[in-house]
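**Q** below are the sequence and a predicted model for it; my questions follow.
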Amino acid sequence: MAECATYGTVAVLQINNPPLNVLGHDVRSQLMSGLQQALQDKAVCSIVIMGKGQTFTAGADVKEFGTEKVFWEPTLHSLVEAVSASTKPVVTAIHGTTLGGGVALALASHYRLADSSAKMGLPEVQLGILPTCGVTQRLPRLVGLQTAVRMVTSGQTQSAQQALTAGLLDKVVTDDLLKKAVGFARSVDVRGLEARRVSSWTVPGADRAEDVLDAARKTLVRRSRGAIAPLTALQAIQASLLPFETGMKREAELGRYLWTSWQAAALRYAFFAERTVKRWHIPRNKNVNYRTAEPMDIKSVGVLGAGTMGVGITISLLQAGLKVVLTEVNKAQLDKAVSLIQRSLEGKSGGKPQPMQLRATTDYSQLREVDLVIEAVFEDLALKKKVFQQLDAVTNPRTILATNTSGLDIDQIAAATQRPDKVIGTHFFSPAHVMRLLENIYGRHTSVETIATAMQLGATIGKVGVLVGNCPGFVGNRMKGLNFTEAMFLLEEGAEPQDVDKALEEFGFAMGPFRVSDLAGGDVHWRRRIQAGLTTEHGPPPYTPVLYRQGNRYSPLADMLCMQGRFGQKTGAGWYRYKSGSRTALPDAEVHRLIHKHRQDHGFQRRNISSQEIVERCLFPLINEGFRILEEGLATGPQDIDVIFLLGFGWPRHTGGPMYYADKVVGLGNLLQSLEKYRAYHPRSAHWVPSSLLRKMAAQGTSLSIWAAGSRL
Ligand SMILES: CC(C)(COP(=O)(O)OP(=O)(O)OC[C@H]1O[C@@H](n2cnc3c(N)ncnc32)[C@H](O)[C@@H]1OP(=O)(O)O)[C@@H](O)C(=O)NCCC(=O)NCCSC(=O)/C=C/CCCCCCCCCCCCC(=O)O
């Protein structure tokens, strides 16, 4: 856990708790006793604290957070204070990615050394808590308010060089950190120790503090969208302007407030959910799971289609060091894509992709030898089936064929080939090189090897792969679609697009559904509705009631906009209007007139609709659908659904995701009651009928977390 050794007059305490040296209770205990021994040993003049293996330490053990263990002595706080109070100089030697509590230990030490490849960060606000243990008090004294605010409130990591420039490190070294740290520790003089205690320093630039803090507060109010940790952390940093002990008390007070908040619990859940989804199984056949599966080795990938998605996918693959054959029948489109890809990679790595790594071609037969193909052509079932037939003919029979469809039937696409076991959905989210989610969809015949390979590919390219079953829209779009459906009903009943967007943005989404629709392009879903027979390019299908389709209430408002060519930002008009070259959504009188006339034509009585009703009506049907998805065995567990929404649809992370939010914030009983209430008002919408799983769980008074713990392997 922690090993102690002496090198002449230097005692070295090395954390050894693989894989990430997290500071659980055992590690803390051993570090504390190592420190005490070193302090008592007359032969020891200085002390080095460092880590073995991958990293110095990834910080506190987050698995302890929900338990009492975090308060067992020595707590992290006691350990950090013991380091700070040491009567012999302590040098912390950092390597790997050092986070949270690791930075707290470094700040309390008297000297800080790092390997040149090290990174340092304070991700606590991402877990809904504060960097306590004196970090908010020592860091500003060391690096100034501005850098401290940036590090603490963003949670982003700094490179060793950046940390050195900021004053966080005393020295950056290359190679043999142990030897260099011991050499450094030998050179430091105990007589200078008092001056090295950061707690005795004052914050540099304190005269400009108000300006810095005001500017940070304004930015954070806008950015945090309801998350309380960043603004609370700012208050703790502000307290660093007070005497050290007073600031420490304030830090502890604010730390306790966040520690017990529901948002901290939700963010902790989100942290582990992202890691849990890699432990997938197929609910209807638990023998098919991550343990029994062996992925194929993927070295080269073909990408078919060089549109926006194809380009983003290609960038992700190249960045991970895979060979890519980008295929597109339209030469001009292909050339444009290659130049976009090169520009994007130059910006990131300072170098063009190696010519060997990216081959661009208009010739399908060049895909013959790749290990896996990702098809990213236009979202049209007939076209995809034709493309898969061609791919089946030209590629090696062992090649996996993946489709980037966002909701079409995987089984129908697979049926166009002679290798349905090697066909899978790999649904990337736009922009594909930025968004971290990869929704992987297995069909009826997809083999376990194919599933494992798609999941492995996700990890290789730095995405979080979530495995789901095949149904229209899969998990993400199937649930998300209901949110938009209700949003339009709200317009019919009296809300304006900006009212709906504002309510959901206040809930924590970066953008409400109408702004998202304008950004993505309303035509995408319009075409899908046309394909599904819900509408036509000229209005409702013949003999179809305007407000009722396929057994459910239907709003034609989005179709009406599309029929006018209002597809959103790209056409300068959608649910809002846009000035040329601008992305700012401006309310549009024409849209208001269209909605108003529609209300009059169909006898809707306009009424005031509260933000609460908007949020509930947009989110509760979506959550109810999540329960149906679990019931139908289309997702391994609620974590999978939550991760899809957190990483793919901008669901506010501090609420944990739709299923967590329903379970722990709304409460399943309350959710059921609300669904029943809205169902009574809106009997023609099947999405208000509560799922039987929800009913059962609400009746039993059980929770999704208990259900998930029992079902996950
Ligand atoms: C970048 C990483 C470090 C590594 O990434 P990667 O290599 O891809 O590995 P992963 O797959 O992510 O992780 C591998 C497994 O390790 C698990 N893991 C990772 N980090 C932790 C962790 N910190 N704790 C536990 N487990 C961890 C992960 O789940 C994987 O497990 P598995 O394979 O799935 O089983 C990456 O991992 C990463 O970014 N990790 C994040 C680490 C992090 O967030 N660190 C900061 C933790 S918070 C902290 O350190 C805070 C310290 C100060 C407060 C301490 C709390 C005290 C109680 C407060 C009481 C109230 C206040 C009172 C005030 C007072 O008195 O002071």
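**A** Thanks, I have it. Numbering: from 1, shown residues only.
**Q** quick one: the strands in the stretch 451-600 of the chain, in order.
**A** For the stretch 451-600 of the chain, the strands defined by DSSP state E, counting those that start in this stretch cover 464-469, 548-549, 552-553.
**Q** in a markdown table: these, plus mean neighbour count and distance to R217.
**A** Every residue, glycine included, has its C-beta placed from N, CA and C. Shown next, in a markdown table, are those (neighbours: other C-beta atoms under 10 Å; distance: least, C-beta to C-beta, whole Å):
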| stretch | mean neighbour count | distance to R217 |
| --- | --- | --- |
| strand 464-469 | 24 | 32 |
| strand 548-549 | 16 | 48 |
| strand 552-553 | 16 | 44 |
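**Q** so which helix or strand takes in H427?
**A** For H427, the host element (DSSP states H and E) is strand 423-428.
**Q** kindly report the same for P431.
**A** With DSSP H and E as the criterion, P431 is inside neither a helix nor a strand.
**Q** picking that back up, distance to the ligand added to the strands of the stretch 451-600 of the chain, as TSV?
**A** Output for the strands of the stretch 451-600 of the chain, formatted as TSV (distance: least, C-beta to the nearest ligand atom, whole Å):
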stretch	distance to the ligand
strand 464-469	10
strand 548-549	44
strand 552-553	41
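**Q** picking up where we left off before, need the residues that contact the strand holding H427.
**A** Residues outside strand 423-428 that contact it (C-beta atoms under 8 Å, 6 or more residues apart in numbering): 309, 312-313, 316, 374, 376, 388, 400-406, 410, 413-414, 417, 435, 437-443, 445-446, 450-451, 454, 457-458, 463, 470, 474, 476.
**Q** each with direction, which strands does that strand pair with?
**A** strand 400-403 (parallel), strand 437-442 (antiparallel) (DSSP bridges).
**Q** please name the nearest non-neighbouring residue to the residue in the chain positioned nearest to the ligand.
**A** Among all residues of the chain, G100 sits closest to the ligand, at 2.2 Å; criterion: C-beta to the nearest ligand atom. Counting by C-beta to C-beta, 6 or more residues apart in numbering, the nearest residue to G100 once its immediate chain neighbours are dropped is G59, at 2.9 Å.
**Q** repeat that for G255.
**A** T132 (4.1 Å).
**Q** contacts only, for the one you found.
**A** Per C-beta under 8 Å, 6+ apart, neighbours of T132: H77, A104, E124, E251, A252, G255.
**Q** if you set the cut-off to 10 Å instead, what comes out?
**A** 60, 75-77, 80, 100-101, 104, 124, 236, 248, 251-252, 254-256, 258-259 (C-beta atoms under 10 Å, 6 or more residues apart in numbering).
**Q** same thing with L242?
**A** With C-beta under 10 Å, 6+ apart, L242 has these contacts: Q137, V203, M248, K249, R250.
**Q** any chance of those residues in a markdown table, plus distance to V48, neighbour count and secondary structure?
**A** Output for the contacts of L242, formatted as a markdown table (distance: C-beta to C-beta, whole Å; neighbours: other C-beta atoms under 10 Å; DSSP: H, G, I helix; E, B strand; the rest coil):
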| residue | distance to V48 | neighbour count | secondary structure |
| --- | --- | --- | --- |
| Q137 | 24 | 28 | helix |
| V203 | 28 | 21 | coil |
| M248 | 26 | 23 | helix |
| K249 | 31 | 12 | helix |
| R250 | 32 | 18 | helix |
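**Q** now, among those, which is nearest to Y7?
**A** Of all these, Y7 sits closest to Q137, with 32.3 Å by C-beta to C-beta.
**Q** just give me the neighbour total for the closest residue to that closest one other than its chain neighbours.
**A** Once flanking residues are discounted, Q137 sits nearest to G247: 4.4 Å by C-beta to C-beta, 6+ apart. With neighbours defined by other C-beta atoms under 10 Å, the count for G247 comes to 24.
**Q** what sits against G247?
**A** G247 neighbours (C-beta under 10 Å, 6+ apart): 134, 136-138, 140-141, 199, 203, 236-241.
**Q** now swap in R607 and tell me
**A** When contacts are counted by C-beta under 10 Å, 6+ apart, R607 touches E493, G494, A495, E613.
**Q** so which of those residues are in helices?
**A** The helices, defined by DSSP state H, take in E493, E613 from those.
**Q** may I ask which two of the contacts of R607 are separated the most?
**A** Applying C-beta to C-beta across the contacts of R607, the maximum distance is between G494 and E613, 10.2 Å.
**Q** re the thing from before, the residue nearest to G255 - that's part of a strand, no?
**A** No - read with DSSP: H, G, I helix; E, B strand; the rest coil, T132 is coil and lies in no strand.
**Q** going forward, begin numbering at 36 instead of 1
**A** Sure thing, new numbering starts at 36, so read that last one as T167.
**Q** per-residue confidence at the closest residue to N505 other than its chain neighbours?
**A** Sequence neighbours aside, I445 is the residue nearest to N505 in space, at 4.5 Å (criterion: C-beta to C-beta, 6+ apart). If you check I445, the pLDDT there is 98.
**Q** what's around I445, how many residues?
**A** I445 has 25 nearby residues by other C-beta under 10 Å.
**Q** what does this structure put close to the ligand?
**A** 54-55, 57, 93-98, 105, 111-112, 132, 134-136, 139, 158-159, 162, 166-168, 287, 290-291, 294, 310 (C-beta under 6 Å from any ligand atom).
**Q** what sits against W315?
**A** Contacts of W315 by C-beta under 10 Å, 6+ apart are 323-326, 328, 475, 477, 486-487, 490, 500-503, 670-672, 675, 747-748.
**Q** tell me the buried residues within those.
**A** For those, a burial check counting by 16 or more other C-beta atoms under 10 Å picks out 323-325, 328, 475, 477, 486-487, 490, 500-503, 670-672, 675.
**Q** now, which of the contacts of strand 458-463 lie within helices?
**A** Those of the contacts of strand 458-463 lying in helices (DSSP H): 344, 347-348, 351, 423, 445, 448-449, 485-486, 489, 492-493, 511.
**Q** including distance to T41, could these go into CSV?
**A** What follows is the ones in helices among the contacts of strand 458-463, written out as CSV (distance: C-beta to C-beta, whole Å):
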residue, distance to T41
M344, 59
G347, 54
I348, 54
S351, 48
F423, 66
I445, 62
I448, 65
A449, 64
T485, 55
I486, 52
A489, 51
L492, 48
G493, 46
G511, 56
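**Q** which residues sit in contact with D246?
**A** L180, Q181, G240.
**Q** ok, those vs I376, which is closest?
**A** Nearest member of those to I376, counting by C-beta to C-beta, is Q181, at 36.0 Å.
**Q** for the helix or strand hosting the closest one, output the C-alpha coordinates as PDB.
**A** Here Q181, judged by DSSP H and E, is contained in helix 180-189. Only the C-alpha atoms of helix 180-189 are listed here, as PDB (Å, rounded to 0.1, in the frame of the first residue of the first chain):
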ATOM      1  CA  LEU A 180      -6.300  33.800  -7.600                       C
ATOM      2  CA  GLN A 181      -6.900  33.600 -11.400                       C
ATOM      3  CA  THR A 182      -5.000  30.300 -12.000                       C
ATOM      4  CA  ALA A 183      -6.500  28.900  -8.800                       C
ATOM      5  CA  VAL A 184     -10.000  29.800  -9.800                       C
ATOM      6  CA  ARG A 185      -9.400  28.200 -13.300                       C
ATOM      7  CA  MET A 186      -8.000  25.000 -11.900                       C
ATOM      8  CA  VAL A 187     -10.500  24.500  -9.200                       C
ATOM      9  CA  THR A 188     -13.700  25.500 -11.000                       C
ATOM     10  CA  SER A 189     -12.900  23.800 -14.300                       C
END
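**Q** report the distance from that helix to the chain centre.
**A** 21 Å (C-alpha atoms, centre = their mean, to the nearest Å).
**Q** so K537 sits right up against G547, yeah?
**A** Yes - with contact defined as C-beta atoms under 10 Å, K537 reaches G547; the gap is 6.8 Å.
**Q** can you pull the residues that touch both of the two?
**A** I649.
**Q** so for the two, which sits in the more crowded spot?
**A** G547 (25 against 15).
**Q** thanks a lot, catch you later.
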